[in-house]
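**Student:** what would the 3D arrangement of this be:
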Amino acid sequence: MATWRPVQNIRVIVIGIARRGRQILAAEVKADNGVVVGVRPLGGGIEFGETREEALRREFREELGVDIEILGPWNVVENLFTHEGKAGHEIVFFADIAIIDADSVAKDRIVFFEHEGSEQTAGWFDLDALEQSAIALYPIGLSCFLRG
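**Tutor:** Model prediction:
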């Protein structure tokens, strides 16, 4: 299993909020011991010269092989966090999205691979159930935007 650690600079990322009723599509975030400690909507880093829209579309094509429609509006949150004792700092752009071929992500659990080859698992998570559980929704503060 690959061990992920935050990079030691400010990272600008983009995530898409795909909804199915009160559920959102999110990837599991695991501690080194394999225990799921949180979930995060899918997305990733914005590359130099790429717009946030281009980055979000690219990330969903790379991770799930699907096209998306960005429903907007865009929001942003600053994410200061610690993962396995290592500090991280992100500026996170996010917007509601629609997955063009929703049947391709209809399963409750979806296995995909990151660009470096690590296997990841995504699924549909109920927002109310997440608030009642020990599993966090990342980035912290995102749930305030999603309650509406």
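**Student:** and the residue of the chain positioned farthest from its centre, what's its pLDDT?
**Tutor:** Within the chain, Gly49 marks the point farthest from the mean C-alpha position, 21.5 Å out by CA atoms, centre = their mean. Note on Gly49: pLDDT of 97.
**Student:** can you report phi and psi for it?
**Tutor:** With angles defined as degrees, to the nearest 10, Gly49 sits at phi 80, psi 0.
**Student:** what about it, distance to Ala55?
**Tutor:** Taken as CB to CB, to the nearest Å, the spacing of Gly49 relative to Ala55 amounts to 10 Å. In short, each C-beta sits where N, CA and C put it, glycine included.
**Student:** closest to the centroid, which residue in the protein?
**Tutor:** For the chain, the residue nearest the mean C-alpha position is Pro41 (2.5 Å; CA atoms, centre = their mean).
**Student:** how about that residue, nearest residue that isn't a chain neighbour?
**Tutor:** Residue nearest to Pro41 in three dimensions, not counting chain neighbours: Ile15, with 4.3 Å by CB to CB, 6 or more residues apart in numbering.
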